[in-house]
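**Q** Pasting the sequence and the predicted coordinates here, then a few questions.
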Amino acid sequence: MKSLCILGSTGSIGKSSLDVVRALDGRLRVRSLAARKSATEMAEQVREFRPERVAMVEESAARELASMLGPEGDGVEILAGEEGLVELARDGAADIIVSAVVGAAGLRPALEALASGHTLAIANKEPLVAAGELMVRAAREGGGMMLPVDSEHSAIFQAMRSGEPSEVRRLILTASGGPFRETPCEQLEKVTPEQALAHPTWSMGPKITVDSATMMNKGLEVVEARWLFGVEPDAIEVWVHPQSIVHSIVEFIDGSMVAQMGLPDMRLPIQYALTYPERVDGGLGGCEVGQIGELSFGRTDPERFPAVELGHEAAAAGGTMGAVLNAANEVAVSCFLAERIGFTDIAGTVAEAMGAHKLVQSPDLDDILEADAWARERAGAGTE
């Protein structure tokens, strides 16, 4: 039985992870849980899964949780603040750390997990995008291992088991294209938050749903793939695949292409990461070949989706540019959802911040955090 620490347990990935725990009854045990502020949801999770330790980023939420649990909370250690997440990430009693905290708050816990020799099932993009070089170094020096939970990177990870890393020619990340893959470009500036949040395939949180609509999620995934798999940015391509059945493809130097296919259900890559290197029946069902129908692929349109190229630029630049890409995008998406800027202004805001940034190569954590703060301020000022 594997012991889990789930950082971000009240978010969409965290909840799906707990669905996997339920489905694989007896294989996985919840050692600890963490969230930012959802005390009510956390109390429900504590009552069901009986973790030994819990962390709430907001101290008021930690006090609220303790009050809600009352005598039921006897024996449950409740930690508060971002240091609480770091403490759980270091916990030697956890076999796998699920990193699903939205935003830069997930960076330090992810680094600590790898430095402590843990297996890190990484679902949040921020650590690898903002600090990929540091993550790789922490894993190498601490003995930790990164297992991707993102469906595209999980697909690549699975497909790469068909060969050696030195035999890889290119990685092909697939994208649904979001709700606007056929919308005339001149109409994109009029897109509303409600329209951007109506994803045709996946059910996700608001930030990642908007990222899918702009295809900034693919720009971020290019940076992630560069660090996860040790390939150069020009060997990573993004293709639009509306059916979301082929989750990504690896082409090897002999011309063979290996793809991972499956229904668009995040529980599948989560389950694979939590049970790796085994495959088990979690009751998710299969993809009936006879019902798949046509599978189509098309190149991304740089005019419609400039965010993809921004990801390639950040991956090629390295250093602190990934932190700027990520932070500026977070601010821009937040401003768009608040109707302070238009849909097409999201990529423009990010591009402006990247263009103005003074790159730091081989950064340490302080450099990353400084670049993150600078980009947030720059992007925020640009949307006023």
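**A** All right, it came through fine. Predicted model, so just to flag it, every value in this text is computed and none were measured.
**Q** Tell me how the protein divides into domains.
**A** 2-148, 153-318 (automatic domain parsing).
**Q** Could you look up the SS state of the spatially most central residue of the chain?
**A** Most central residue of the chain, judged by C-alpha distance to the mean C-alpha position with Cα atoms, centre = their mean, is N124 at 2.8 Å. Per DSSP: H, G, I helix; E, B strand; the rest coil, the secondary structure class of N124 is coil.
**Q** State the distance from it to G285.
**A** Noted for N124: a distance of 27 Å to G285, by Cβ to Cβ, to the nearest Å. Any C-beta I mention is one placed from the backbone N, CA and C, and that applies to glycine too.
**Q** likewise R108?
**A** Relative to G285, and taking Cβ to Cβ, R108 is found at 38 Å.
**Q** and what of F229?
**A** From F229 over to G285 the distance is 29 Å, taken as Cβ to Cβ.
**Q** what about the two, which has more around it?
**A** More crowded of F229 and G285, by other Cβ atoms under 10 Å: F229, with 18 against 11.
**Q** Give me the below-cutoff pLDDT ranges for the stretch 151-300 of the chain.
**A** By pLDDT under 70, the weakly predicted segments of the stretch 151-300 of the chain are 201-203.
**Q** mind listing the strands in the stretch 101-250 of the chain by residue range?
**A** Taking DSSP state E, counting those that start in this stretch as the criterion, the stretch 101-250 of the chain contains strands spanning 119-122, 145-148, 168-175, 236-240, 246-252.
**Q** Buried residues of the third one, list them for me.
**A** So the one you mean is strand 168-175. By neighbour count on 16 or more other Cβ atoms under 10 Å, the buried set for strand 168-175 is V168, R170, L171, I172, L173, T174, A175.
**Q** now do the second one
**A** Buried residues in strand 145-148, counting neighbours by 16+ other Cβ under 10 Å, are found at M146, L147, P148.
**Q** go on, the fourth one?
**A** Within strand 236-240, the residues that qualify as buried by neighbour count (16+ other Cβ under 10 Å) are I236, E237, V238, W239, V240.
**Q** Please, which helix or strand holds I97?
**A** I97 is located in strand 96-99, with elements delineated by DSSP states H and E.
**Q** avg pLDDT for that strand?
**A** Within the predicted structure, the mean pLDDT of strand 96-99 is 98.
**Q** same thing with stretch 320-335?
**A** When the per-residue pLDDT values of stretch 320-335 are averaged, the result is 96.
**Q** going forward, begin numbering at 55 instead of 1
**A** All right, first residue 55 from here; so that's stretch 374-389.
**Q** tell me the contacts of E206?
**A** By Cβ atoms under 8 Å, 6 or more residues apart in numbering, E206 lies in contact with L227, T228, E275, A279, H301, S302.
**Q** Over to G352?
**A** With contact taken as Cβ under 8 Å, 6+ apart, G352 is in contact with W293, V294.
**Q** In the sheet, which residues pair with it? Tell me.
**A** Partner residues in beta bridges with G352, using DSSP bridges, are V294.
**Q** cool, and F306?
**A** Listed beta-bridge partners, F306: V222 (assigned using DSSP bridges).
**Q** just so I have it, where are all the helices in the stretch 255-404 of the chain?
**A** The residue ranges that make up the helices of the stretch 255-404 of the chain, judged by DSSP state H, counting those that start in this stretch, are 260-268, 270-283, 321-329, 360-371, 375-391, 399-410.
**Q** Now tabulate those in JSON lines and tack on distance to S114.
**A** Formatted as JSON lines, the helices of the stretch 255-404 of the chain follow (distance: least, Cβ to Cβ, whole Å):
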{"stretch": "helix 260-268", "distance to S114": "23"}
{"stretch": "helix 270-283", "distance to S114": "31"}
{"stretch": "helix 321-329", "distance to S114": "30"}
{"stretch": "helix 360-371", "distance to S114": "36"}
{"stretch": "helix 375-391", "distance to S114": "22"}
{"stretch": "helix 399-410", "distance to S114": "32"}
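**Q** and of these, who's closest to V100?
**A** helix 321-329 (19.9 Å; Cβ to Cβ).
**Q** neighbouring contacts of the closest one?
**A** Residues outside helix 321-329 that contact it (Cβ under 8 Å, 6+ apart) are 56, 58, 67, 70-71, 73-74, 77-78, 81-82, 150, 152, 175, 177, 201-205, 208-209, 212, 301, 316, 333-334, 336, 338.
**Q** Equivalent analysis for stretch 181-198, please.
**A** Stretch 181-198 is touched from outside by 153, 158, 160-161, 164-165, 167-174, 176, 199-200, 274, 277-278, 280-282, 284, 368, 372-373, 376-377, 379-381, 416-419, 422, 425-426, with contacts defined as Cβ under 8 Å, 6+ apart.
**Q** Now for the residue lying closest to F359 once chain neighbours are set aside: which residues touch it?
**A** The spatial neighbour of F359 that comes closest, neighbours along the chain excluded (Cβ to Cβ, 6 or more residues apart in numbering), is M269 at 4.1 Å. If a contact means Cβ under 8 Å, 6+ apart, then M269 has A229, G231, G232, V292, T354, F359, A361, V362 as its contacts.
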